[in-house]
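[1] following is a predicted model, sequence given first.
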Amino acid sequence: MSLLAARGVTKRFGGVTALDGVELEAQPGRTLGLLGANGSGKSTLSRIIAGELAADAGRVLLDGREVAHASPQEAAARGIVIAHQHPSLAPDLPVWENVFLGAERCTRGGFVDRRESRRAARAILGEFGASLDLEQPAGSLSAAGQQVVEIARALSRKPRLLILDEPTAALTATEVARLFDAVRRLTSAGVGVVFISHRLQEVEEICDDILVLRNGRHVGSWATAGRLDERRILELMTGDPEAALRPPARRTVGEPALRLEGVRAGRVRGVDLEIKRGEIVGLAGLQGQGQEELLETVAGFRRLEGGAIVHRGERVAPGLPLDMIRRGVCLVPNDRHRQGLFVDESVGENLGYVRVCLERRPWRLPLAELRALAEAAIRRLLIKTDGPGQPVATLSGGNQQKVVIGKWLATEVGVLLLSDPTKGVDIHARSEIYATLGDLAARGSAVLVFASDVQELLAHCDRILVMYEGRVVDELAGAAMSEDRVMAAAFGRAA
Amino acid sequence: MTGGLWTGLRRGGLAPALAMLVVAVALNAWLQPGFFGRASLESNIATFAPTILACVAQAIVVLSGELDLSLGAGVSLINCVLASLPTDAVGGPAGVAAVALALALALGAANGLLVAYAGLPSLVATFATGAVWFGLALAIMPQPGGEVAAALGDLYGTDLAGLPVPLLIVAVAMLGWALLGRHRLGRRLVAVGSSRASAFQAGIPVRRVKLLAYLAAWALVFLSALSISSQTLSGDAQLGQGYTLTSVAAVVIGGISLAGGRGSPWGALAGALVLGIIANIIYFAGIPSIWQEFFKGLVIVAALAFMVLEQRQRRLA
């Protein structure tokens, strides 16, 4: 008998059907890989199983008996625990409190046992080899640190069924290995695990069974026996095996669009670089080597502390993002929820506000024009939505990111800067995003993109600059572009 | 940063409020010889206690991520009820106090249910309930008058174990927070204020926690109303009017984030003392009474600016 089964689970958000009669079975002692493009319903399904959302139809069975948990605490009481893709931490509370948030270790009378909590938190985090400061407020941790705390919390609950929703997106290779060790320990103790990831390599490594969703429907499930047929999975996920392999648009490299001379800001300690029109340049390196700050400085988000930014031969001193936007220098920021979107607004409003901001008399703008603008961006970027009126928060991650890029289409994009644009975005949407970048470059934009995934840069960039401790330590182009050389430079061992 | 006195000091949120307090005390002592005398301290604590209690009440609600703009009107309403109750009919002064406590908890529960369960924004919901409380207070007591049981006034003016009763009341309130802040419930209250969505996903019953925050706060509002009534010994529907915004100012001066989750009620205590002493200083500086409110406002603006600038400095560091 399966540990947990979902039978005919259906969920609608407004007019959008997120899940349509989905079946899922998780066995004790096995890891089930849940695959699907962004927006295919993976997160919705796992949130229903974990009691965070109520299904519109269908049943969830635990040990063969129907359960209807009305809240996360009821699900947790039955041993169903989820680690979210976006960590659910209380940012102001210290790390150790966050590990046990909602299931505090208490002395008699319900007072929090600080000594025991700290000890247990240290032990669980130690399993990851994570040396986090237990007293640090969780909100000030790096994305990886927050993810580790989120996972540690799930593990501390002694789950019978553990759902890991894209746990590895923010983690380093070592942390992923530790996580997999922990998962194997759990499964050998009879725990069932549901693992969601866009990285097929990881799924192949850790999963015993897989289940593929497309557009909220169950399109296939089987035991992997240690091997994945990538082509079959891609075909099931997208319904189109060639989608990921579309040929890039032809581009010609033109005159210099942007030159940086000894730029310093925060962690950026003197960067020289030049990008030309029609070029896609990748910024590589480990996380936190100054790539984000560099892009933010050029976009006018941060104060330039030294050096010069030369745009089309003219030295500029950005005081506000608007100064750079008027020059056509646009940033797709790292945190799309907080910096890239107005998450409470509709798709159309998000796509239109750049146009509104750049207008001298915005009240004169005909609404029809804004609507047309939004519809054009939706078509051009293949944004999967009901229409401009849909709340942007109900889109999948990949489609939200397309909206962030799409908002800049309202202006003449001369230089497009992107900070890790494919974080939490599936392969399909990822290739569509890079196709859009290729398209922009073919029309004469210069593109500078930082991505944490080296493969992605190797596949799509004309040149790659590797940053280490705030400086560009290596530049690769053409035949010299290899993962080995990027990684060597990323660890400060440039040739 | 998370509610305790010690953590507050170490993480720096409380330090500016304490610095301001030291400066204010020094100025007051300079302008008012005998400030540190027992009589002066006793009269000061008796005057400040009701405000302090209202400020700490506000701090608890703010920590949970909400706001209560009906505190002041609540104090007035409780005061009017205290002043209009026939003491003998409810079993003496203790009975009067019990009725007042029940009323305070009912008012707090009403706010908590509207905000947590009905999902109304607390800013507007408590502004509205505040108008209702004020309306009720006026209906009970259209003109100031009535009589609060004299035994309460006598008790408020005495010493217990060598300590003035107002000081003991404040101490009990702070001890209450010290316990709550170490309890699972208090930690959850701060977690909900820090991030409501995260707390929900972590399995915390968010609505119950918010209701609890209002109930805890209104237990303090009860103490505040009881204290001020024991001083005035009569009823006045306007009595608590100033408390609401004073409490919000004290919360900000005390380094508590209005967004919730960050800060400590100890900061609100310090903030309340700063505001009280500012009033003293202005009085003893010989500023004409017409201008006192004006200067008080200026000093509060300066104190708030100091807090905000200091926080910005710390964030950049």
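    Sure, I can see it. Because the structure is a prediction, the values reported are computed rather than measured.

[2] got the residues of the stretch 101-250 of chain A near chain B?
    The stretch 101-250 of chain A comes close to chain B at residues A:101-104, A:106, A:109-112, A:137, A:139, A:153, as judged by CB under 8 Å from any CB of the partner chain. Where C-beta positions appear, they are placed from N, C-alpha and C, glycine not excepted.

[3] show me those that map onto helices.
    Among these, the ones falling in helices (DSSP state H) are A:Arg153.

[4] show me which pair in the residues of the stretch 101-250 of chain A next to chain B is furthest apart.
    Largest separation among those by CB to CB: A:Gly109 and A:Gly139, giving 29.5 Å.

[5] so between these two, which is more surrounded?
    Shown here are A:Gly109 and A:Gly139; by other CB atoms under 10 Å in any protein chain shown, A:Gly139 has more neighbours (19 against 8).

[6] need the pLDDT of the more buried one.
    We have a pLDDT of 87 for A:Gly139.

[7] mind showing which ranges of the stretch 1-150 of chain B have poor pLDDT?
    Residues of the stretch 1-150 of chain B that meet the criterion pLDDT under 70 lie in B:1-13.

[8] enumerate every residue touching the residue nearest to B:Arg262 when sequence neighbours are not counted.
    Closest residue in space to B:Arg262, ignoring its immediate chain neighbours: A:Asp92 at 4.5 Å, by CB to CB, 6 or more residues apart in numbering or on different chains. Contacts for A:Asp92 (CB atoms under 8 Å, 6 or more residues apart in numbering or on different chains) come out as A:137-139, B:1-2, B:190, B:193-194, B:257, B:261-262.

[9] and what about A:Asp92, helix, strand or coil?
    coil (DSSP: H, G, I helix; E, B strand; the rest coil).

[10] against A:Asp229, how distant is it?
    A:Asp92 is 47 Å from A:Asp229, where distance means CB to CB, to the nearest Å.

[11] now the strands for the stretch 51-200 of chain A?
    A:57-62, A:65-67, A:80-83, A:161-165, A:192-196 (DSSP state E, counting those that start in this stretch).

[12] quick one, which of the ones you listed is packed in tightest?
    Counting by mean count of other CB atoms under 10 Å in any protein chain shown, strand A:80-83 has the highest mean neighbour count of the strands of the stretch 51-200 of chain A, with a mean of 27.

[13] got the CA coordinates for that strand in CSV?
    Extracted in CSV, the C-alpha atoms of strand A:80-83 (Å, rounded to 0.1, in the frame of the first residue of the first chain):
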residue,chain,number,x,y,z
ILE,A,80,3.6,15.3,6.1
VAL,A,81,6.2,18.1,5.9
ILE,A,82,7.3,20.4,3.1
ALA,A,83,10.4,22.4,2.5
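
[14] give me the number of residues near the nearest residue to A:Ala143 once chain neighbours are set aside?
    In this structure, A:Ala143 finds its nearest non-sequential neighbour in A:Ala170, 4.1 Å apart by CB to CB, 6+ apart. Residues lying near A:Ala170 (other CB under 10 Å) number 22.

[15] give me every residue in chain B lying close to chain A.
    Residues of chain B lying close to chain A (CB under 8 Å from any CB) are B:1-2, B:179, B:182-185, B:187-188, B:190-191, B:193-195, B:197-205, B:257, B:261-262.

[16] pLDDT at the residue in the stretch 301-450 of chain A that chain B sits nearest to, what is it?
    Going by CB to the nearest CB, chain B is nearest to A:Arg303 of the stretch 301-450 of chain A, at 10.8 Å. Reported pLDDT at A:Arg303 in the predicted model: 89.

[17] sorry, back to before: A:Ala446: which of the residues of the stretch 101-250 of chain A next to chain B is nearest?
    Nearest to A:Ala446 among these, with distances taken as CB to CB, is A:Gly139, at 34.9 Å.

[18] wait, what's in contact with that closest one?
    Counting by CB under 8 Å, 6+ apart, A:Gly139 has contacts A:89, A:91-92, B:194.

[19] nearest residue to residue 180 in space, please, no chain neighbours.
    Looking at chain A here, since you left the chain open. Closest residue to A:Phe180 apart from its sequence neighbours, by CB to CB, 6+ apart: A:Ile206 at 5.3 Å.

[20] hmm, no, I was thinking of chain B.
    In this structure, B:Leu180 finds its nearest non-sequential neighbour in B:Gly186, 3.9 Å apart by CB to CB, 6+ apart.

[21] which residues does B:Ala97 contact?
    Shown in contact with B:Ala97 (CB under 8 Å, 6+ apart): B:152, B:226.

[22] helix or strand: which one has it?
    Assessed by DSSP states H and E, B:Ala97 sits inside helix B:92-112.
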